[in-house]
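**Q** I need the structure of the sequence given here:
(2 chains)
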Amino acid sequence: MAKAKKFKVFDVNNRRDKEIRRIRRMYSIVCTVIIIVTLINMVVQDRVYRNVRDTMQDNLESVQTISRIQQDFGDVNENVLLLIASLDTPEIQRVSKEVVDNITADFAKIDTDIANYKTENADKSDDLKRRFSHAEYAISAYRRKINEVQNEITTMNHTTGMNIYDQELQPLQITAAEMLQATIEIGTKVGQERDHAAANIRGWAQSSLLLLLVFTVVFLSIVGMRQINSILEMRQKQQEITEASNRLTKSKKKLMDSAMTNILTGMKNRYALDESLSQLIGNAQFNIGVFDIDNFRVFNDMYGYEVGDEYLATVAERLKEEYSEYAEMFNITGNEFCMVFYEHVSDLQAQQLAEQIRQGIGQPTLVAGIPLQATVSASLYHYLPSDNLDVNTLLMKMDSALHAAKRDGGNRMYQIQ
Amino acid sequence: MMKKKSGALKAVLAGLLAFSMLPLTGCQKEEANQKAVNVAVIVKNMESSYWDPVWKACDDLEEELGDEVNIIRMGPNEESAEAQIPIIQNAVNQKVDAIVLAACDAEAENEVVATATAAGIHVLTIDSDITYEGKAAYVGTMNKNAGESAAREAARLLGNEGKIGVIYHGDASTASERRDGFVNQISGNVEAPPEMAAGAGSKQNNSLPQETDESGEAAEEETVQISQELASYANIKITDVLDGESDWQKSKEQATKLITEDHVDLIFATNRKGTWGACEAISELGKQGEVYVVGFDYFENEGKSADMYLSKGILNVTFIQNPYNMGYLGVRYAIEIAQGEPIPSLVDTGAMPVTADNINDDDIQFLINN
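**A** Reported below is the predicted structural model:
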């Protein structure tokens, strides 16, 4: 039994350790995952941010370059119109020189910006490059026409100039303006698409973090529940063990009790007396009395054992009722009782009570309609630790005093000095 | 334990579901903001390669604008108003947002276009216009302007002195407009160009402040100015204006007649067949360097190309239109007007004079190759 109990405890401990190790491992895995995902997230978000920032910067620069081209080309066009307005006027020589210089300067700036734009956007989409090249075609065709008529300009009349402008230059000017505008729109759209893609990536990154958070909460809930369960399970097991142990103690006590109790009278027996005395004898003073019914065999012989037994049971019951508060009672043999008086009972009181008991036992008692009466002999010992006796010696002393009382005619009590 | 597990599983699934929906809702929002503009592009003849640059422009726009535009390509298999009208009606029935139309006939299609505009569809014409005033815009070559430009080129080649013969290409409006623009510019039988006198309100005419005055006054001034220009063409004579019937061999015959009978110094042809015929005639008569040719369009047929005639010095100038720009700007303006933005009502995509000197320039090569 003891072996099984030990094994069970070992099993519970082992399981608990295993569970703890497992939970620790899971916690470290989850923590590692959280750290890794968070780090990846940070890196991804940072890259996305940089990418968007660079795209926006690129786009801004491109838009600025195209705006400058638009501005300069607009200046060229205004200068051309100024020149045409001056045709047929005396101002034409002066104006043409100034205007031609301005146009040359503007085209130089446009050339620089076109080259810049191409360098800046060398890695961009074909759409963008194609659209920009259309703008470039229109600008170069416009320029070619200007160069063609440059030498004739001072002799040209206003109407011809106006017609050339309306019929040949203006279509190119409109085309260039529209194509430049379309280039800006494509660039902006590409930027917006990248921004949108970046927003999507950001969204997924944030979602994955949030998902991880939910996962962690769920995980912790599950682990928490499992921990609570295992704690409850362990508690229950421990309780079961305690209960089993209690039951064991109780059944053992019961066994002990039955071994130490006289079945007939329900009083403790000789073994119990030995136990009690061995507790007391070394370290306390106490009063002990032994009571024996004189000639009890006569009852058995006259009325049978059943009546004798019933008589003893009745007497024992009466003693328990009247003297339980004064002494611990034992039924040593069939008709022999022993009282170990409690500490609160004084020596004198013990002597009186012993006498009362001796006489009480001898009172007439009705058993199965038969009035039975007997005399009782007794011995009383006021024990002191200094007497230094063992239990057997003490009881032998009590017995010999009792026998002396009986030898002297019974119905008396001898006190051992 | 089983019950708990399924509970945890449910929580995880619910989480996953919630997250998978996050980006979805984002996308739906984006889509709501960006409704595609449906544009029907209707050409004169689906089988003619002349419209390839227009389709190229449509492809480019779709690539550039993505979801913003949905272009429906349409057109009859033969070039006639009868065949084109049901196609326009079909586009109206499809409830497109805008129609970009190259009209087969300037008058016959007015009625069906009117039903389109009544249905709230913006109609823009490209290449060939209609007379219906409810259209949103015309984007294309101003053929009369192109004829006038050709006249200036001719005068420049002749040094303002010489005889010119004209070969036009039948009854097409492009033929008569280019012919009349040319002839009137040289001979002085000129009225003020209608788009200028009417102050067409486009981007074109707000360039010079003095040109946008009260219309009557402007028209009067215009007449005076044009007659001044004509003074320099006094020594140029147009000997004959002949129909080449848009056939290169007929055109060659007419050109031969002009050279041998009228002894012209320059031939002006109003389309590719006319130009081809004129070049062939000069080549055959060995008159290169003596008789100039001012032509129209770029051609490459039966081993004879405009490029070749230019390099031999037979062809001096040919005017090339820009159908790519017509398509590109036409559809772009269609999208803009459908989105409620203002657009110009008249856009001249111009005609580019191509010579042996500039034929290898990038922009000219682009025009030729598209």
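**Q** what about the closest residue to chain B within the stretch 151-300 of chain A, which helix or strand?
**A** Nearest residue of the stretch 151-300 of chain A to chain B, counting by CB to the nearest CB: residue A:171, 3.0 Å away. All C-beta atoms are positioned from the backbone trio N, CA, C, and that covers glycine. Following DSSP states H and E, one finds residue A:171 within helix A:170-260.
**Q** domain ranges for the chain?
**A** Assuming you mean chain A. A:2-223, A:270-416 (automatic domain parsing).
**Q** please go with chain B instead
**A** Split by automatic domain parsing, chain B gives B:34-141+B:323-349, B:143-320+B:355-369.
**Q** the residue of the stretch 151-300 of chain A closest to chain B: how many residues sit nearby?
**A** Neighbour count of residue A:171, defined by other CB atoms under 10 Å in any protein chain shown: 25.
**Q** quick one: it and residue B:348 touch, right?
**A** Yes: with contact defined as CB atoms under 8 Å, residue A:171 reaches residue B:348; the gap is 4.6 Å.
**Q** what about the strands in the stretch 1-150 of chain A?
**A** Using DSSP state E, counting those that start in this stretch, no strands are assigned anywhere in the stretch 1-150 of chain A.
**Q** what does it have sitting close to chain B?
**A** By the rule CB under 8 Å from any CB of the partner chain, the part of the stretch 1-150 of chain A lying against chain B is A:77, A:81, A:84-85, A:88, A:127, A:130-131, A:133-134, A:136-138, A:140-141, A:144.
**Q** what's residue B:125 sitting at in phi/psi?
**A** Per-residue torsions, residue B:125: phi -100, psi 150 (degrees, to the nearest 10).
**Q** residues in contact with it?
**A** B:100, B:101, B:102, B:103, B:135, B:137, B:138, B:139, B:140 (CB atoms under 8 Å, 6 or more residues apart in numbering or on different chains).
**Q** one more pass at 6 Å, please.
**A** B:101, B:103, B:135, B:138 (CB atoms under 6 Å, 6 or more residues apart in numbering or on different chains).
**Q** and these, which is the shakiest by pLDDT?
**A** For these, the model is least confident at residue B:103; its pLDDT is 91.
**Q** any idea how far residue B:35 is from residue A:225?
**A** 51 Å (CB to CB, to the nearest Å).
**Q** again, but for residue B:291
**A** 58 Å.
**Q** which one of those two has more residues nearby?
**A** More crowded of residue B:291 and residue B:35, by other CB under 10 Å: residue B:291, with 23 against 12.
**Q** helix or strand with the lowest mean pLDDT in chain B?
**A** Across the helices and strands of chain B, mean confidence by mean pLDDT, DSSP states H and E is lowest for helix B:194-197: a mean of 37.
**Q** got a list of contacts for the helix or strand harbouring residue A:339?
**A** Following DSSP H and E, one finds residue A:339 within strand A:336-341. For strand A:336-341, the surrounding residues in contact (CB under 6 Å, 6+ apart) are A:273, A:287-292, A:327-332, A:350.
**Q** export those residues to JSON lines and tack on neighbour count, secondary structure and distance to residue A:344?
**A** Shown next, in JSON lines, are these (neighbours: other CB atoms under 10 Å in any protein chain shown; DSSP: H, G, I helix; E, B strand; the rest coil; distance: CB to CB, whole Å):
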{"residue": "A:273", "neighbour count": "23", "secondary structure": "helix", "distance to residue A:344": "20"}
{"residue": "A:287", "neighbour count": "25", "secondary structure": "strand", "distance to residue A:344": "11"}
{"residue": "A:288", "neighbour count": "28", "secondary structure": "strand", "distance to residue A:344": "15"}
{"residue": "A:289", "neighbour count": "25", "secondary structure": "strand", "distance to residue A:344": "16"}
{"residue": "A:290", "neighbour count": "25", "secondary structure": "strand", "distance to residue A:344": "21"}
{"residue": "A:291", "neighbour count": "26", "secondary structure": "strand", "distance to residue A:344": "21"}
{"residue": "A:292", "neighbour count": "24", "secondary structure": "strand", "distance to residue A:344": "26"}
{"residue": "A:327", "neighbour count": "22", "secondary structure": "strand", "distance to residue A:344": "11"}
{"residue": "A:328", "neighbour count": "19", "secondary structure": "strand", "distance to residue A:344": "12"}
{"residue": "A:329", "neighbour count": "22", "secondary structure": "strand", "distance to residue A:344": "16"}
{"residue": "A:330", "neighbour count": "26", "secondary structure": "strand", "distance to residue A:344": "19"}
{"residue": "A:331", "neighbour count": "26", "secondary structure": "strand", "distance to residue A:344": "23"}
{"residue": "A:332", "neighbour count": "21", "secondary structure": "strand", "distance to residue A:344": "24"}
{"residue": "A:350", "neighbour count": "22", "secondary structure": "helix", "distance to residue A:344": "10"}
